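Asker: mind folding the following:
(2 chains)
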Protein chains: 2
Amino acid sequence: MKIKRPRGTRDFSPEEMRKRNFVKNRIEEIYKKFNYSEITIPTYEHLELFNLKSGDDIRDAMYVFRDKKGRELCLRPEATASVCRFFANELRNVQKPLKFYYYCPMFRYERPQKGRYREFFQSGIELIGPKNPGSDAEAITVAYRALKNLNLNFELEIGHLGILRGLLNDLGIAEEKQDELINAVDKKDIKVLENIVEHQIIFNILELKGDSKIIKKAENLLKDYPAAVLALCELKEILLLLDILGVGYVIDLGVARGLEYYTGMVFEIRVPELGAQCQIAGGGRYDKLIELFNGPKTPAVGFAYGFDRVIDAYELQGLEIPGTEVDFVITAVDYSVQKNALKIASKLRENFVVDFDLMNRKLGKVLDYADGLNAKFVIIVGPREFKENKVSVRNMKTKERKIVGIDELGNLI
Amino acid sequence: MKIKRPRGTRDFSPEEMRKRNFVKNRIEEIYKKFNYSEITIPTYEHLELFNLKSGDDIRDAMYVFRDKKGRELCLRPEATASVCRFFANELRNVQKPLKFYYYCPMFRYERPQKGRYREFFQSGIELIGPKNPGSDAEAITVAYRALKNLNLNFELEIGHLGILRGLLNDLGIAEEKQDELINAVDKKDIKVLENIVEHQIIFNILELKGDSKIIKKAENLLKDYPAAVLALCELKEILLLLDILGVGYVIDLGVARGLEYYTGMVFEIRVPELGAQCQIAGGGRYDKLIELFNGPKTPAVGFAYGFDRVIDAYELQGLEIPGTEVDFVITAVDYSVQKNALKIASKLRENFVVDFDLMNRKLGKVLDYADGLNAKFVIIVGPREFKENKVSVRNMKTKERKIVGIDELGNLI
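Answerer: Alright, predicted model coming up:
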């Protein structure tokens, strides 16, 4: 009976995992340099955790199920809500800041397409405790430097929801309508926007995108809206720090994010060559999510990479992936020395990657197999040489074959 | 609103992850030395994948749900069925052997207790292609050496289901009843066994446990049952190879395994101090699972660790976990040098793990924080020293403080 993999999920082969692990390690190298530590959260949560502030798109796409006691559970569609729950319930008394990173699959029931899967992977950080431009700048810098550590080309766009929220508050627009509006901005849904928005100034702000000159324009537009001006000042300070840190960016006051929990700075990273699914990272400040889960008022900022898209971008830009690393393939000429060959393998494995010919194949086939593994040497154990404590060794690169003492094998590498 | 973590799941803090990653890396180091490569399988599968040969215990404990199209899905309760599906559908033409390892959470709806969780982790290997004592011995050796690489004390018990199956076939017992019997053996359910088993010889075989002497006893008991004798010979050859490889074991013909897909050698590893949930690994040969999923007839062998129990055993035996590694914590004396301090941090992060004081705390608090992180040095950037391109550095071990040139900071590590 042929059983297929569920639609929108993937199996990853050794070749794919080598690529993914390489990229993951390069990213986490930077997380660690900034002293972020790994945490792990459950694969499923109580449904209400995500019902509160995830945004309609995510809520509609969740995998919901009941356990045998009838509790409503759901596969995690994102990590931030879980991290906040973890903090609120168990870590509230730990010395701040808390600096976490994670890597894990997320689940959303959407139509699978290029760059979009039902089981997809996110790598991200959460910085819990501080509320100041320095911590916003750190989160952005980590996101930026980890991708630079992969030599990727990308565009970083930074905005600030406090500007829009401040403006909407000053204009007297109710919070529910604000959420609807921000959602439409995130989707660039002009039709919905034109239906909701009555004030031209909102459009004028949303279309501001570019270098530091647009900050001046925004200041002029917003001068009568004090809450918006305050947020704009905060954004300016963040950008100043990023300039010092050598982080290149574009200011985009139309960055809105689909998740409803963001409260301040927001940013997105794009690789335009990826086409429709070109956003490879997103994040921002969420100062009210922890208290929503009954935790103490605690500000926080974070981001996540769409890891699968980072991989796509990395491949598209033709960057290098290291190969396999097999030092030795060992084979016995005949049964009389098979156990001796096994002993040699066992000893070499203390220090090297060693593959033993388990298929009992002829030498030609073993060499093919070793070629496929990209192995450095094939050790051929024969009864004659073995009597003299020696074996025959084939260098797979030069194709030279020579007799080597068993105790000298380690020196070949 | 306080939202709890679902029952039987866990959050893992940085301290716990450091321990888990250490143990995981030690195990995978051995997988890699034997040239096993990582793969990843989906978190959920079509239900029928596990309905075929998983055994009643697992079937009853699965998290089953439907997607929006009504397809029955289930969170994976174990990895081997998925790996076989992957092989049968996509890897059947790859050169053998295929040598895979994986690490991921599994899901079983059981009563949570010490060493038993609803979301638990398994680390394991699958060796697909060869069918010979050498490959059985390799799987066992990997399981053994990975735990030795952790300096763990444990008991390895090896049996062979071919002996029992051969005997039952020769006795004319139907396959369905065989499955029931083997299930009862796995659970050590004497009552059920006594109801099913009419032949005293079955009990006599099942209670054989000990060193190589019991092989002789089994040979005497089984001499009239040729299929069982054949399996016993295979077991003897496996054990001979393990002797050569220096793997210590106990023979136990009562090892049965709860999963229905095993066909030959089976083994389990126990750490008795763990109490009721003392089994930390299990595996064996499954030669018919791949064809069950419509793949070509392909023999295979593998095992999995109950990773959480390996962690428990590691802690119980008081083995060492490396600490955190923070090289520098950097703080600015006042706002005038904060941006300079940030620049120093940014530069040092090219090579070191650097934490920047994001909370703008007083020096005493920063030192407490650095102590908590177990940091090596605290760098205090003050306006006076900075003018001379210098900073004040506190060695957190010796508590000495001295003035160091900014370009010399890297030499401290």
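
Asker: what's the end-to-end length of stretch A:197-208?
Answerer: 17 Å (Cα to Cα, to the nearest Å).

Asker: next, the buried residues of it.
Answerer: By neighbour count with 16 or more other Cβ atoms under 10 Å in any protein chain shown, stretch A:197-208 contains the buried residues A:197, A:202, A:205-206, A:208. In short, each C-beta sits where N, CA and C put it, glycine included.

Asker: and stretch A:318-337, does that touch chain B?
Answerer: Yes. Using Cβ under 8 Å from any Cβ of the partner chain, stretch A:318-337 reaches chain B at A:324, A:326.

Asker: same check, this time on stretch A:136-153
Answerer: Yes. Stretch A:136-153 reaches chain B (Cβ under 8 Å from any Cβ) through A:138, A:141, A:145.

Asker: mind listing what's buried in that stretch?
Answerer: Neighbour-count burial for stretch A:136-153 [16+ other Cβ under 10 Å]: A:136-150, A:152.

Asker: which one among those residues gets closest to chain B?
Answerer: A:E138 (6.5 Å; Cβ to the nearest Cβ).

Asker: surely A:D252 meets A:H160?
Answerer: No. A:D252 is not in contact with A:H160 according to Cβ atoms under 8 Å; the separation is 10.0 Å.

Asker: for A:V393, what are phi and psi?
Answerer: phi -130, psi 130 (degrees, to the nearest 10).

Asker: now do the contacts for it.
Answerer: Residues near A:V393 by Cβ atoms under 8 Å, 6 or more residues apart in numbering or on different chains: A:377-380, A:401-404, A:409, A:412.

Asker: before we move on, the earlier item: restrict the buried residues of stretch A:197-208 to those near chain B?
Answerer: Answer for those near chain B: none qualify (Cβ under 8 Å from any Cβ).

Asker: including pLDDT, could these go into JSON lines?
Answerer: Below are those laid out as JSON lines (pLDDT from 0 to 100):
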{"residue": "A:V197", "pLDDT": "81"}
{"residue": "A:I202", "pLDDT": "92"}
{"residue": "A:I205", "pLDDT": "94"}
{"residue": "A:L206", "pLDDT": "92"}
{"residue": "A:L208", "pLDDT": "95"}
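
Asker: can you tell me which of these are in helices?
Answerer: A:202, A:205-206 (DSSP state H).

Asker: returning to that earlier point: among the buried residues of stretch A:197-208, which one sits closest to chain B?
Answerer: Once Cβ to the nearest Cβ is applied, the member of the buried residues of stretch A:197-208 that ends up nearest chain B is A:L208, at 26.1 Å.

Asker: that closest one contacts A:V255, correct?
Answerer: No. A:L208 is not in contact with A:V255 according to Cβ under 8 Å; the separation is 10.7 Å.

Asker: and the stretch 251-400 of chain A, which of its residues are near chain B?
Answerer: A:292-294, A:324, A:326, A:338-339, A:342-343, A:346, A:349-350, A:352-356, A:358-360, A:368-369, A:372-373.

Asker: among the residues of stretch A:136-153 next to chain B, which are in helices?
Answerer: A:138, A:141, A:145.

Asker: chain A - how does it break down into domains?
Answerer: A:14-316, A:328-412 (automatic domain parsing).

Asker: how about the strands in the stretch 101-250 of chain A?
Answerer: A:119-128, A:155-160, A:209-210, A:250-252 (DSSP state E, counting those that start in this stretch).

Asker: touching chain B at all, the first one?
Answerer: Yes. Judged by Cβ under 8 Å from any Cβ, strand A:119-128 comes into contact with chain B at A:119, A:127.

Asker: can you list the strands that that strand pairs with?
Answerer: strand A:98-107 (antiparallel), strand A:300-306 (antiparallel) (DSSP bridges).

Asker: run the chain-centre distance for the longest one.
Answerer: If I follow you right, that is strand A:98-107. How far strand A:98-107 lies from its chain's middle: 8 Å, per Cα atoms, centre = their mean, to the nearest Å.

Asker: what pLDDT, on average, does it get?
Answerer: Mean per-residue pLDDT for strand A:98-107: 98.

Asker: try stretch A:3-11
Answerer: For stretch A:3-11, the per-residue pLDDT averages 97.

Asker: quick check: buried residues in it?
Answerer: Within stretch A:3-11, judged by 16+ other Cβ under 10 Å, the buried ones are A:3, A:5-6, A:8-11.

Asker: cool, stretch A:240-257 as well?
Answerer: A:241-242, A:245, A:247, A:249, A:251-257.

Asker: same check on stretch A:263-274?
Answerer: A:263-271, A:274.

Asker: list the contacts for the closest residue to A:P272 other than its chain neighbours?
Answerer: Take A:P272 and drop its neighbours on the chain: the residue closest to it by Cβ to Cβ, 6 or more residues apart in numbering or on different chains is A:C278, 5.4 Å away. Applying Cβ under 8 Å, 6+ apart to A:C278 gives the contacts A:115, A:270-272, A:309.
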